[in-house]
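Undergrad: when you get a sec, could you give me coordinates for this:
(one chain, ligands or ions: 1)
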Amino acid sequence: MHVLIVGGGLGGLSLAQNLRKQGISFEIFERDSNPDARFQGWGIALYAIINALIDHVPSDLPDLMDTVNHLLPLQLNPQLSVYPPNSEIRLGFEHSPEKPFIRAERRRLRDWLATNLPIQWGKRVTRIENDNSGITLHFEDGSTAKGDILIGADGINSTVREHLLSRPSTDITRVLPLATVIGQLTLSGPALIRQLSLAHSGYMSVRPDLGFITFTGLHYVAPDGLSAKYYWNLMEMTPDFSKDPQNYWLLSATQQQKLDHVRKLTAKLPAAQREIFELTKPEEIESKTHIWKDVHLESLPAGRVILMGDAVHAMMPFRGEGGYQTLVDSLLLGKMLGRLAEGEKYKNEKVLEEEVGEYNRNMLKRGMKSVRDSRAMDMNATRYGPDGEPLDPSQIPQMRVLPDTEILLGIPVKA
Ligand SMILES: Cc1cc2nc3c(=O)[nH]c(=O)nc-3n(C[C@H](O)[C@H](O)[C@H](O)COP(=O)(O)OP(=O)(O)OC[C@H]3O[C@@H](n4cnc5c(N)ncnc54)[C@H](O)[C@@H]3O)c2cc1C
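TA: Below you'll find the model as predicted:
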């Protein structure tokens, strides 16, 4: 059985490692010309899935926590906080040996997942044929590839999904009512210590009373441990944005206008939560305005073309679950492909349909719930684990009042 994976993002890479471990033949194709072609995003929270992920990748991958942890070289536990209105209590969750939680820097996580994988870069799929002889992929550069099973891990605007459903992406993706301004800046000294004191990894100010939510996150720490890259998103829930995003005022606003707007909106936040916006310079505001979209699908055909990740369940960012659900897909899909490879069961159409149908049902139930819960901003809704079952709440880091920690910058001196 030869598996073709389209997309070298989190989902495609994680599945490829899973297949490599099982000795299943595969090829993985990525449209980007090289690993540095596109910004990979900031951070992703991993919990509950950590052990399953490590178990399903080959042993030549380096230690996960030592490689992807965004706080290194600082010796601080990953930690996220939420600040509701009228409260400066540090409510949130933190890594502990009993309930591990990793805040992974996205590029480091992608590099970790890419370890020793033969990724074929610069291979944009433009056309797909699926007939009695199997699957044929046609690439923009004129080349082709043939296989027995096709995995669409090609993200929110999936070409594989368009082929499978014969529907354009615009029919399936929905613009979210989220007008977003993004800032990125470097902090050091006392300003960095003050941000780390709000939460080591990131914090949300949830202010329905003021009409917005902000997420401020540490992206990564400099190798000398003395400065760190930060980013913030300020999101206003506004139906006007999703009605006509291209004509919403933010799309044509200057960086200075966006910053002025953010400072006006955040003026009533407590001083500590407001500081990051006051420190940001106009040139540190993203000039392009991000248009958030999600995906809603009721069902999927079951056959040799299979989807995973954002191609099926791209979602609103609030619960930080899109990447998590994608990794869960990769574990379940890896297991299912292992069963199909055994004794060449994939050649039996009925078995193939049953196996893929079961995977699709599980993924859609789990993924669509997550898409809905993210829209409803339901932080307490059930989460699903690597076996597709509701997660045992004891595995999920619980929100609690976080104790203050001593924050030391620089590289720790070994005793
Ligand atoms: C700004 C932002 C912040 C986010 N923050 C978080 C977070 O904090 N926590 C979290 O859990 N999730 C987060 N997410 C969601 C998370 O990034 C996605 O859920 C996850 O990346 C989905 O993985 P994927 O592999 O399905 O798709 P992607 O990561 O989008 O990968 C798809 C890959 O397919 C490639 N591709 C596309 N079309 C083709 C083609 N035709 N041929 C070949 N290759 C192709 C693309 O280049 C890309 O590399 C965030 C998303 C965004 C946009």
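Undergrad: from the stretch 201-350 of the chain, which residue is nearest to the ligand?
TA: The nearest approach of the stretch 201-350 of the chain to the ligand comes at residue 309, 2.2 Å away (C-beta to the nearest ligand atom). For the C-beta atoms, the positions are set from N, CA and C on the backbone; glycine is no exception.
Undergrad: can you tell me the element residue 150 falls in?
TA: strand 149-152 (DSSP states H and E).
Undergrad: longest helix in the protein, by number of residues?
TA: helix 349-375 (DSSP state H).
Undergrad: elements contacting the very next helix or strand once past that helix?
TA: Where DSSP H and E defines the elements, the next helix or strand beyond helix 349-375 is strand 400-401. Helices and strands touching strand 400-401, by 3 or more C-beta pairs under 8 Å, 6 or more residues apart in numbering; DSSP states H and E, are strand 91-94.
Undergrad: is the ligand contacted by whichever helix or strand comes after the strand it packs on?
TA: Later in the chain than strand 91-94, the nearest helix or strand by DSSP H and E is strand 101-105. No. Figure legend: strand 101-105 not in contact with the ligand (C-beta under 6 Å from any ligand atom); closest approach 8.8 Å.
Undergrad: okay, helices next: where are they in the stretch 1-150 of the chain?
TA: Using DSSP state H, counting those that start in this stretch, the helices of the stretch 1-150 of the chain run over 10-22, 50-55, 64-68, 106-113.
Undergrad: dump the ones you listed to CSV, plus mean neighbour count and distance to the ligand.
TA: Shown next, in CSV, are the helices of the stretch 1-150 of the chain (neighbours: other C-beta atoms under 10 Å; distance: least, C-beta to the nearest ligand atom, whole Å):
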stretch, mean neighbour count, distance to the ligand
helix 10-22, 25, 3
helix 50-55, 15, 13
helix 64-68, 17, 13
helix 106-113, 21, 7
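Undergrad: need those helices in JSON lines (columns: mean pLDDT).
TA: JSON lines is the format used below for the helices of the stretch 1-150 of the chain (pLDDT from 0 to 100):
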{"stretch": "helix 10-22", "mean pLDDT": "98"}
{"stretch": "helix 50-55", "mean pLDDT": "92"}
{"stretch": "helix 64-68", "mean pLDDT": "93"}
{"stretch": "helix 106-113", "mean pLDDT": "96"}
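Undergrad: looks like residue 293 contacts residue 156 (just checking).
TA: Yes. Counting by C-beta atoms under 8 Å, residue 293 does reach residue 156; the two are 6.2 Å apart.
Undergrad: from the contact counts, what lies against the longest helix of the chain?
TA: By 3+ C-beta pairs under 8 Å, 6+ apart, helix 349-375 packs against strand 293-295, strand 305-307, helix 310-313, helix 322-341.
Undergrad: buried deepest among the ones you listed, which one?
TA: helix 310-313 (a mean of 29; mean count of other C-beta atoms under 10 Å).
Undergrad: what about that one, average pLDDT?
TA: Average pLDDT, helix 310-313: 97.
Undergrad: residue contacts, the closest residue to the ligand within the stretch 101-250 of the chain?
TA: In the stretch 101-250 of the chain, the residue that lies nearest the ligand is residue 155 (3.0 Å; C-beta to the nearest ligand atom). Residues near residue 155 by C-beta atoms under 8 Å, 6 or more residues apart in numbering: 7, 9, 309, 310, 311, 314.
Undergrad: list the contacts for the residue of the stretch 1-150 of the chain found nearest the ligand?
TA: In the stretch 1-150 of the chain, no residue comes nearer to the ligand than residue 9, which is 2.0 Å away by C-beta to the nearest ligand atom. Counting by C-beta under 8 Å, 6+ apart, residue 9 touches 110, 153, 154, 155, 309, 310, 326.
Undergrad: pretty sure the fifth one sits against residue 6.
TA: Read that as residue 309. No. The pair residue 309 / residue 6 is not scored as a contact, 11.1 Å apart, by C-beta under 8 Å.
Undergrad: can you tell me how far residue 318 is from residue 237?
TA: 10 Å (C-beta to C-beta, to the nearest Å).
Undergrad: so what sits against both of those two?
TA: residue 213.
Undergrad: please identify which of the two sits among more neighbours.
TA: residue 318 (19 against 15; other C-beta atoms under 10 Å).
Undergrad: now do the longest helix of the chain, average pLDDT.
TA: Here the average pLDDT along helix 349-375 is 93.
Undergrad: so what's residue 113 up against?
TA: 10, 13, 14, 17, 57.
Undergrad: near the ligand, anything from whichever helix or strand comes after the strand holding residue 150?
TA: Counting by DSSP H and E, the element after strand 149-152 in chain order, helix or strand, is helix 159-165. Yes. Helix 159-165 reaches the ligand (C-beta under 6 Å from any ligand atom) through residue 159.
Undergrad: helix 159-165: what's the following helix or strand?
TA: Next along the chain from helix 159-165, counting by DSSP H and E, comes helix 169-172.
Undergrad: who does that next one touch, helix- and strand-wise?
TA: helix 159-165.
Undergrad: what sits up against the helix it packs on?
TA: Identification of contacts with helix 159-165 by C-beta under 8 Å, 6+ apart yields 6, 125-126, 128, 130, 150-152, 154, 167-169, 172, 300-301, 305, 307, 311-312.
Undergrad: okay, now the unreliable bits of this protein?
TA: Within the chain, the stretches with pLDDT under 70 are 377-398, 413-415.
Undergrad: of all the residues in it, which ones are close to the ligand?
TA: 6-12, 29-32, 41, 43-45, 123-125, 153-155, 159, 309-310, 317, 320-324, 326.
Undergrad: 5 Å instead?
TA: The interface of the chain toward the ligand, taken as C-beta under 5 Å from any ligand atom, is made up of 7, 9-11, 31, 41, 44, 124-125, 153-155, 159, 309-310, 320, 322-324, 326.
Undergrad: helices of the stretch 201-350 of the chain, residue ranges please.
TA: Using DSSP H, counting those that start in this stretch, helices in the stretch 201-350 of the chain cover 239-243, 249-252, 255-265, 271-279, 310-313, 322-341, 349-375.
Undergrad: highest average neighbour count across these?
TA: Of the helices of the stretch 201-350 of the chain, helix 310-313 is the most buried (mean count of other C-beta under 10 Å), at a mean of 29.
Undergrad: grab the nearest non-local neighbour of residue 108.
TA: Spatially, and ignoring its direct neighbours in sequence, residue 108 is nearest to residue 68 (4.4 Å; C-beta to C-beta, 6 or more residues apart in numbering).
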